[in-house]
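Student: missing the sequence, but the structure's below:
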């Protein structure tokens, strides 16, 4: 130490932090602890830091060596093919760019391909290479959408690592019990003990696992502790009954309608309304049918609506929320809830034996059509009724942005979810052919991946039309990104003619041609990379 420095007192507890603060702020602004201000303060600060460093190092007392952790559980799954393992390392090494919203160039976005790669590897039952687990856990830590697939692929070794690194504790929360195996379904004693004494996440996992295998057993297990559960826990447990929901659940759900928690009552009512044969559905049908009829006095059939004038106690018990949101009338709010919870089969008998398509085509008096059709849309989604969904969707070429029944593209997307994947793809392809891509993004998001051939062709053709028209290219970046992830790799050959920079019309956006050529080059490169990924996984 410098012998000319100003003597300093022995540092007190917390002195190290004070020294660091003084160093950061400067000794002119902060006097070092135990020292004095002046020209010698910087030297005194360094002396004190050196002395404290020695004290901190010398002050460590030897401790008993910690026991070695138990080995990680074995992963019986087959190892990845060597080429696929190298591909995974490249995908995990890629990081999102730190630049602004500039042009992306022609290189594929590898991080956006990682979810697809993980899904394919999990479908084939491969185990993760041990050396990739840290990077895999880091990727899952940064992106919650990756976690289910990443942790399934990482397997038991990821849980073992997560216990050793606080940054990866999310893996213990995401895997109930920190990866501990659930009791065998025949071990009733261990099942009962875990249900009564386990952590909440363990209990949710146990109930979900049993529900998927034996719905009645899961319901009976829930019944044993229902009255003593917290309201928020009852809500989560009740939600697990969506799996395997059937008529046998009705008595339990009917009792839940009297629960002291409003959210629990609402969820029980929603589940009962998804059972067309339930007593609640029948009660709702009586109420809704009293509000809707065909006017016999008009020359052409017309639906009339008389919304309820009050929300009585029995309606509240059956899940009708009495207080309307801001901007909504109370009567229309109550009416929509009644129709939404009514079995769709009610309406054919109530409205003269007409089919769903014929019912939707009927005019509705007094501006009630939007409210009525929107409620039918919600009912079709809840009850998974494809016939009503088709009627409400209408034809893809319908000029109305929402179709005859849907009030928004978001509702159209939900209705499409009730249809089979092939029919869904055909409908969206027809929509794109009629309306282009400007409103198709939400609809494309519900289509199965990879896109069916007609849908893929419709997307590429629409992009080509937009390119030739000199359209503002950046407005299609979202659809182009979807195409990179969802277009069938076999469509790459159709892009060869789109790679050249096109002649730009006079009214085209400046630089649009170059952007389009770059985007199509990136799309083709990405499709070929996806094809290689699939081949490497042994598909």
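Tutor: Noted; the coordinates are in hand. Computed from a predicted structure; not experimentally measured.

Student: for the stretch 101-250 of the chain, which segments count as strands?
Tutor: Using DSSP state E, counting those that start in this stretch, the stretch 101-250 of the chain contains no strands.

Student: quick one: low-confidence ranges for it?
Tutor: Counting by pLDDT under 70, the stretch 101-250 of the chain shows low-confidence ranges at 101-105, 173-182, 184-185.

Student: start to end distance for stretch 434-450?
Tutor: Stretch 434-450 has an end-to-end distance of 22 Å (CA to CA, to the nearest Å).

Student: tell me which helix or strand of this structure sits lowest on mean pLDDT?
Tutor: helix 170-174 (a mean of 76; mean pLDDT, DSSP states H and E).

Student: does residue 70 count as helix, strand or coil?
Tutor: Secondary structure assignment for residue 70 (DSSP: H, G, I helix; E, B strand; the rest coil): coil.

Student: next, count neighbours for it.
Tutor: 8 (other CB atoms under 10 Å). C-beta here means a position set from N, CA and C on the backbone, and glycine is covered the same way.

Student: could you do residue 199 as well?
Tutor: Look at residue 199: counted by other CB under 10 Å, it has 13 neighbours.

Student: distance of it from residue 206?
Tutor: Residue 199 sits 10 Å away from residue 206, going by CB to CB, to the nearest Å.

Student: so which residues of the stretch 101-250 of the chain form helices?
Tutor: 110-123, 133-142, 147-154, 156-162, 170-174, 188-197, 200-213, 215-225, 231-239, 250-256 (DSSP state H, counting those that start in this stretch).

Student: among the ones you listed, which comes closest to residue 473?
Tutor: helix 110-123 (19.0 Å; CB to CB).

Student: who are the contact partners of the residue most central in space within the chain?
Tutor: Central residue of the chain (CA atoms, centre = their mean): residue 145, 6.7 Å from the mean position. Taking CB atoms under 8 Å, 6 or more residues apart in numbering, we find residue 145 in contact with residue 115.

Student: how about the helices in the stretch 301-450 of the chain?
Tutor: Listed in chain order, the helices of the stretch 301-450 of the chain (DSSP H, counting those that start in this stretch) span 313-317, 330-340, 346-350, 356-361, 369-383, 386-393, 409-416, 421-435, 441-444.

Student: count of neighbours near the closest residue to residue 88 other than its chain neighbours?
Tutor: Using CB to CB, 6 or more residues apart in numbering and skipping residues adjacent in sequence, the residue nearest residue 88 is residue 132, 5.8 Å away. Residues contacting residue 132 under the criterion other CB under 10 Å number 19.

Student: need the pLDDT of residue 514.
Tutor: With respect to pLDDT, residue 514 scores 78.

Student: and the helix or strand where it lies, what's buried?
Tutor: Element membership for residue 514 (DSSP states H and E) is helix 512-536. By 16 or more other CB atoms under 10 Å, the buried positions in helix 512-536 come out as 512-513, 515-527, 529-530, 533-534, 536.

Student: which other helices and strands contact that helix?
Tutor: Under the contact criterion of 3 or more CB pairs under 8 Å, 6 or more residues apart in numbering; DSSP states H and E, helix 512-536 touches helix 82-93, helix 110-123, helix 453-468, helix 477-486.
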